[in-house]
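Undergrad: build me a model from this:
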Amino acid sequence: MSQPRAGDIIRAELETWEEIHAHPHRFGGIEFRLGSREIGHIHGDSIVDIPFPTPVRDEVVAAGLAQAHHVLPKSGWVTVPLDQESGVQNAIDLLQRSYELARAQVARRQGSDGSR
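TA: So this is what the prediction gives:
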C-alpha cells in the first residue's frame, strides 16, 4: 500500500532544488529534470523511478535501497517503492544522488567546452 501524499512530499522537496523543473512524464506521473537530463520521476504515491550509471544502480540495489527497474530491470534505472514511510526519504536521498551526478556531468561538460 502506498503512503498517502508521498508524491506531493517528494515533488515539494525537489522543486526547492536549484535548476530542477517538473514536467509531465510520458508514461504518467511527474518527471524532474536538470536541464534536459531527467533525474527521476514519480508515479503518484506508489513508486519513484531513478536513472543511474549501471555501477551505481548495482550498488543501490545490492544495498537494498532500491529494486531493479520494474519494466527495464537490466537498465541503469531503479524503482523505489513508496509502500513504507521510510520509502519517501529513501526516494528523496536517491533522487539527490541522481541530481548530484547530473550536476557533476554538467560541470564536466562546461569545463571541457570552455563555456560557463
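Undergrad: low-confidence ranges in the protein?
TA: 1-4, 112-116 (pLDDT under 70).
Undergrad: ok, longest helix in it?
TA: If each helix of the chain is counted by residues according to DSSP state H, the longest one is helix 85-113.
Undergrad: and that helix, what does it pack against?
TA: Contacts defined by 3 or more CB pairs under 8 Å, 6 or more residues apart in numbering; DSSP states H and E place helix 85-113 against helix 6-14, strand 30-34, strand 37-43, strand 47-51, helix 54-62, strand 77-81. Using the backbone N, CA and C atoms, a C-beta is placed for each residue, glycine as well.
Undergrad: name the residues of that helix that are buried.
TA: Neighbour counts over helix 85-113 (16 or more other CB atoms under 10 Å) mark 87-88, 90-92, 94-95, 97-99, 101-103 as buried.
Undergrad: and it with helix 54-62, angle?
TA: With axes from the mean of the first three to the mean of the last three CA atoms, to 10 degrees applied, the angle from helix 85-113 to helix 54-62 works out at 170 degrees.
Undergrad: got the angle for helix 85-113 vs strand 30-34?
TA: Using the same axes, to 10 degrees, helix 85-113 lies at 30 degrees relative to strand 30-34.
Undergrad: so what's the gap between helix 85-113 and the chain middle?
TA: How far helix 85-113 lies from its chain's middle: 8 Å, per CA atoms, centre = their mean, to the nearest Å.
Undergrad: need the helices and strands packed on helix 85-113 in CSV (columns: mean neighbour count and distance to residue 108).
TA: Formatted as CSV, those follow (neighbours: other CB atoms under 10 Å; distance: least, CB to CB, whole Å):
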stretch, mean neighbour count, distance to residue 108
helix 6-14, 18, 23
strand 30-34, 19, 14
strand 37-43, 22, 13
strand 47-51, 23, 17
helix 54-62, 14, 16
strand 77-81, 21, 22
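Undergrad: mind putting the ones you listed into TSV with distance to residue 68?
TA: Below are the helices and strands packed on helix 85-113 laid out as TSV (distance: least, CB to CB, whole Å):
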stretch	distance to residue 68
helix 6-14	20
strand 30-34	19
strand 37-43	15
strand 47-51	11
helix 54-62	6
strand 77-81	7
